[in-house]
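> next come a sequence and a model predicted from it.
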Amino acid sequence: MARLGYALAALVGLAATALGVAGMLGRAGTLAVPWLVPLGGLELTLDPLGGFFLALVGFVAVPASVYAIGYAAGSTRGVLAYLVFIVSMCAVPLAANVMTFAIAWELMSLASYFLVLQERERRETADAAWVYAVMTHAGLACLLAGMLLLAAWTGSVRFADWRAAAPALSAGARDLAFLLLAVGFAGKAGVIPLHVWLPLAHPAAPSHVSALMSGVMIKLGVYGLVRAGTDWLGGGPAWWGTAVLLAGVVSAVVGVLYALVEHDLKRLLAFHSIENVGIILIGVGAGMLYRHAGLGELALLGLAAGLYHTVNHAAFKGLLFLGAGAVVHATGTRDMERLGGLVKRMPWTAACFLVGAAAIAALPPLNGFVSEWLTFVALLQNTRVAAPALNLVFALGIAGLALTSGLAMACFVKAYGITFLALPRSEAAGRAREAGAAMRAGMLLLVAACVALGLGPTVVLPRLAAVAAPLAGPGAPARPGLGDWLTVQVPGDFASLSTLAIAAALALGLAAPLVALRLAGASRRRRLYETWGCGRMLQTARMAYTATAFANPFKRVFDFFYRPVKRLDIEFHPASRLFVERIEYANPTRSIFEDWLYRPVLDALHAAARHARAIQSGSANLYLAYILVALLVLLVLA
Amino acid sequence: MTGTVAIGLLQILVVALGAPLLVGVLRTLEARLVGRRGPTPWQPYADLRKLLGKDAVVSETASWVFRATPYVLAASMLVTALVVPVLVTRPPLGFAGNIVLLMYLFMLGTFFLALAGLDTGSAFGGMGSSREVAVAALAEPTVILAVFALALRAGTINLGGVVERVEREPWLAANPAHLLAFAAFFIVMLAEAGRLPVDNPATHLELTMIHEAMVLEYSGRYLALVEWASAMKLFVFLTLLANLFFPWGVTSLADPVPVALGLLALAGKLAVLTALLALVETSVAKLRLFRVPELLSGSFALALLSVLAVFLLR
């Protein structure tokens, strides 16, 4: 029964991909059912940008559903919510008026809330779901406020009418609308400091759902930002793009810094989602700034780089979450300190995860490299903007992106090396078994996607450029020349890229030493022996490096950010202090966002609630009096 | 077409065969500077030959990642030899990427080597990996910003384009932005290639080593490949420093005479840079590991200044 549900989900995904690709290629269509919902009725429209995100939903839904056939077949719990989740995510990018959008958005949030709650027996899951519900509805409140204001000012709830009416609005109105919409969408995208729900909710969900939440759902926040900033409101002042770019830099660097000290495999991946949304926003923000400066072809490049990273992140983060799910399935733990040695027991999963890790670390010739390269190239051309303050913003983006990619590489050395290499650090890891056929098929689909997106920028990029062209403002070429089948050529001999050539050269480079060593008459014998260990008697997993130890240099270098706390508890033997019974050492890091931003807000809320308790006596008579007073006041006011 | 292939092969040969010599010359120079006689400059070739003849001893704990890494490392370095303008401004793979590609190719090697360090389950390997990736990650922003400063002047980030631009306007090389970027890049080279004061390539003392700790478990042909690849990394970095900042002699023609002249010019420039490196390495002490970030943030500041100088002097 569950299998049937997931197979159906895969079919929905296939249909979404087909429809979305058609939309990207320029097929447009509208579906309107005016009587179905109040305030404008149900209206869905397919356009290139919506088509891209629709295709993205299907792109991850297919492998995740195939994987789920093997992963979650045992229980029917959550199948319905999963189907609703996918269908509502398909509806969000197609929604053409406020009501349709709000319904789809809320359905998506509720369905994912129930999916997060699937393992509700665990206390932390319930907490995670609660934080998620609160944050997502705070975001929804911002979105609705922004949309209703726009609807009131433009006199229409249809997005198409906003496009025409928005340029005539006053600057202050446009700024306010953008701010409200951007905050709402950024919350869904997990932009720092609105990210607190993400590292709680994503790991708590089952892994095929985590893949969809990280790969697609948070991207719909990006969709909203792009849609609001460049389409509904039709571009804006420089601070919009600056804010998006700087939010991207902060999210990227802070996300990867938190990931580095995180040793729960799925939470680590969740923090990397924040980082990658940051990278996407760096591209999008650059695009918006270039649009403001009237440089259409550069705006196009920045937006296309952001979209490319969007689909790339969907591919490798989906893959990594599915791989992490296979590990959890086999060992029952997400704690990296209890894993290790899985490369020998789960060779398929290990190989797939390695491809995902290399892709997210932006190693050539895989897909992460292509989009980071494009983002760099877009940023590096900022000399054509003649405003020193903006140039500095771009330089910050460049440095931040470079630091992020270096740290992400370091983090995935840790994630892969500690989880899959060396000796198993627990009995469960030692007994792990390879994932089943359906789960492997799901992962292999995404491996193929990572490789194809890496080798084929010459095919993919022009399509994405066509999606971005209407959003890049006046002066953007409708069909930009971006090189030939082999090379991506950025206009004006600025830079070019050919991952096909790199891949071919790397393959030759791998073969050349093999041949050269043979010709040079090198010894071909190999002896197996134990690892050298300064003369110790045996090797155990306790001697291998741990994730905590691996992350320690970073913890020390960035201690102004992590603010680590040291706790050392020593229990002595009652007879003598010379005998130690137990030592407990903890060195946790603190979140400055929780300490400095959320804690004061929560404290203020609690204080307000305490004061409000004074009028909540529980007496029905008093409440009736309140109602009467409220009614009278309203009547007087009216 | 044949010309391109010939140039490609020639560049690979220069990098692959020149790298051990460069390391040998560096060691001889450093020995002389501290008053020892030192080995001949040809010693690294003898070392490599000896290693190739020996059996490889592989840890029982290690997986295929450990055995594949030396090949990945060598492959990534060989590809850089096709991307960097070693002899000609537009090398065969010059179109395939640019300095961004180059940095990520180095990262590819570092990524696999760090995994191999963890693979044997030895504490040394893990320690080396952790430190190596920390240094590599912190060096990354400097490289990109230094390149940005160059690209600002040249109007392109294609390596060949930068070289041609500086060749056309030699006074650019004396520009403050250019010199600041050079200094920043030089420090990054010290960190990336594992030289003093960041890492000591001559030591096997547990507490100080970075790169050597990571490759401790390698032996035989695997060790030969790893050593050769790290020599190539040093060679490529010095070549970048030489040809990006002082591109005299790098030709845009693929004819034998200019290429031969270019080879001579490269040898001269590398000799100067090697002497500079030997001077630095014999006159500074190794930094404590947690002082290295300070050095790298210093180089980052230089790179940032270089970018600002371009905007201010525009």
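That came through, no problem. Residues are numbered from 1 along each chain as shown, chains lettered A, B, ... in the order given.
> contacts only, for A:Leu56.
By CB atoms under 8 Å, 6 or more residues apart in numbering or on different chains, the contact set of A:Leu56 is A:20, A:215-216, A:219, A:310-311, A:314. (Each C-beta comes from the backbone N, C-alpha and C, glycine too.)
> low-confidence ranges in chain A?
Where chain A drops to pLDDT under 70, the residues are A:478-481, A:492.
> middle-most residue in it, spatially?
Centre of chain A computed as the mean C-alpha position; nearest residue by CA atoms, centre = their mean is A:Ser273, 3.3 Å away.
> just to check, that residue is in contact with A:Lys219?
No: applying CB atoms under 8 Å as the test, A:Ser273 and A:Lys219 come out as separate, 9.6 Å apart.
> name the single longest helix found in chain A.
In chain A, taking DSSP state H as the definition, the longest helix is helix A:296-331.
> is it anywhere near chain B?
No: judged by CB under 8 Å from any CB of the partner chain, helix A:296-331 stays clear of chain B, getting no closer than 12.4 Å.
> helix, strand or coil for the closest residue to B:Leu264 other than its chain neighbours?
Once flanking residues are discounted, B:Leu264 sits nearest to B:Gly249: 7.3 Å by CB to CB, 6 or more residues apart in numbering or on different chains. Following DSSP: H, G, I helix; E, B strand; the rest coil, we place B:Gly249 in the coil state.
> residues contacting B:Gly249?
Here B:Gly249 is in contact with B:261-262, B:264-266, B:269 (CB under 8 Å, 6+ apart).
> buried residues in stretch A:144-153?
For stretch A:144-153, a neighbour-count test (16 or more other CB atoms under 10 Å in any protein chain shown) marks A:144-147, A:149-151, A:153 as buried.
> closest one to B:Val133 out of the residues you listed, please.
Nearest to B:Val133, judged by CB to CB, of the buried residues of stretch A:144-153 is A:Gly146 at 42.2 Å.
> part of a helix, is that closest one?
Yes: with three-state DSSP as the criterion, A:Gly146 is part of a helix.
> all strands of the stretch 1-150 of chain A, in order?
Applying DSSP state E, counting those that start in this stretch to the stretch 1-150 of chain A gives strands spanning A:29-33, A:42-46.
> closest one to chain B among those strands?
Nearest to chain B among those is strand A:42-46 (35.6 Å), distances taken as CB to the nearest CB.
> from the contacts of B:Gly249, which ones fall inside helices?
B:261-262, B:264-266, B:269.
> farthest-separated two in the residues you listed?
The span of these, defined through CB to CB, is set by B:Leu261 and B:Lys269 at 12.5 Å.
> between the two, which one's more packed in?
Under the criterion of other CB atoms under 10 Å in any protein chain shown, the comparison of B:Leu261 against B:Lys269 puts B:Lys269 first, with 21 against 15.
> just give me the neighbour total for A:Phe271.
Counted with other CB under 10 Å, A:Phe271 comes out at 27.
> residues contacting it?
Contacts for A:Phe271 (CB under 8 Å, 6+ apart) come out as A:199, A:255-256, A:258-259, A:262.
> wait, a strand at it?
No: A:Phe271 sits outside any strand when classified using three-state DSSP, being helix.
> gap between it and chain B?
16 Å (CB to the nearest CB, to the nearest Å).
> again, but for A:Glu124
A:Glu124 is 29 Å from chain B, by CB to the nearest CB.
> my guess is that residue contacts A:Ala204. True?
Yes: between A:Glu124 and A:Ala204 there is a contact under CB under 8 Å: 7.0 Å.
> nearest spatial neighbour of the residue in chain B that chain A sits nearest to, chain-adjacent residues omitted?
When scored by CB to the nearest CB, chain B has B:Gly126 as its residue closest to chain A, at 2.2 Å. Take B:Gly126 and drop its neighbours on the chain: the residue closest to it by CB to CB, 6+ apart is A:Tyr545, 2.2 Å away.
> what do you get for A:Tyr598?
Counting by CB to CB, 6+ apart, A:Tyr598 lies nearest to A:Val196, which is 6.4 Å off, once chain neighbours are set aside.
> in the helix or strand hosting B:Arg27, which residues are buried?
Here B:Arg27 sits within helix B:2-33, counting by DSSP states H and E. Counting neighbours by 16+ other CB under 10 Å, one finds that the buried residues in helix B:2-33 are B:7-8, B:10-12, B:14-16, B:18-30.
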